[in-house]
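[1] Test case, fold it:
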Amino acid sequence: MFYRLFNKVNLQNIMKFLGIIPARYASSRFPGKPLIVIEGKTMIQRVYEQVSKSSRLAAVVVATDDPRIEQEVLSFGGKVVMTSEHHQSGTDRCAEVIAQLPGYDIAINIQGDEPFIAPEQIDLLASCFDNPQTTIATLVKEIKENEELFNTNIPKVVRNHAGEAIYFSRQTIPFLRGIPQEQWLQKHQFYKHIGIYAYQVETLKALTQLPVSTLEEAEALEQLRWVENGHTIQTAVTVHETVAVDTPADLTKILALFFNKK
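    Residues are numbered from 1 along each chain as shown. As a prediction, the model looks like this:
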């Protein structure tokens, strides 16, 4: 028992976690999104400040390909790394950051459009690596409403008894045969996927070498490429809701929710 406790504390002290916030200016649905001002602060500043409250991160950095975002981050005293404009995903952008900033054991890929992300979510994700067998981790949240359960814009995830992800889908999974859909939430615990990832550095490098997979193409979910190639994704259940800003309409919701503005 003493050895296990010592080993866990030792791992926490040794591992260095780097929080990476990929941020692009050229969003198809909301161009310039990281630089929109939310009650006196740009979105990228709000994300950076929330992430920096995590107790597990040794450092936080914004990864961008746009000099306007770079200047904004520098203006509020943040750290930023300029990356290639040709990356297809945040995972690829994180891998370039790790190549430029060696010395970290775990990279945490944090969405740049969640200005009120709870630092506790980052700490929870980091805790997955207290188990030395974990190579990739992500968060899930229990689904409580039918509106979420049957919304194909919200990825769902099925887990095994060890909390590892078996499959992700935009469809509702698992399918409950012989049970009316309005009773599904009473018969089974469903989970939605929260899009924040953490990777061992060597695993992150390996993921960027994988070709696009058939399951990934079918569902338009990048993490299925990793599952299809045999990678294990550990999950942890968060109680915190994430509120992302994907469109200008989402910004209106944010202002109403956090600042009581209509």
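
[2] just for this protein, where's the confidence low?
    1-13, 28, 261-262 (pLDDT under 70).

[3] try 50
    1-6, 8-9 (pLDDT under 50).

[4] For it, which strand extends over the most residues?
    strand 191-200 (DSSP state E).

[5] mind listing what's buried in whatever helix or strand comes next after it?
    Past strand 191-200, heading to the C-terminal end, the next element that is a helix or strand (DSSP states H and E) is helix 201-207. Residues of helix 201-207 classed as buried by neighbour count (16 or more other Cβ atoms under 10 Å): 201, 203-204, 206-207. Heads up, the C-betas are built off the backbone N, CA and C, glycines and all.

[6] The most centrally placed residue in the chain and R93, how far apart?
    Most central in the chain under Cα atoms, centre = their mean is I196, positioned 1.0 Å from the mean C-alpha point. Applying Cβ to Cβ, to the nearest Å, the value for I196 to R93 is 14 Å.

[7] coming back round to it: may I see the buried residues of helix 201-207 arranged in JSON lines, with distance to Q183 as well?
    Conversion of those to JSON lines gives the following (distance: Cβ to Cβ, whole Å):
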{"residue": "V201", "distance to Q183": "45"}
{"residue": "T203", "distance to Q183": "40"}
{"residue": "L204", "distance to Q183": "41"}
{"residue": "A206", "distance to Q183": "42"}
{"residue": "L207", "distance to Q183": "39"}
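
[8] From these, pick the one nearest F116.
    Of all the buried residues of helix 201-207, L204 has the smallest distance to F116: 26.3 Å, by Cβ to Cβ.

[9] Touching, the closest one and T91? I think so.
    Yes. Counting by Cβ atoms under 8 Å, L204 touches T91, with 7.2 Å between them.
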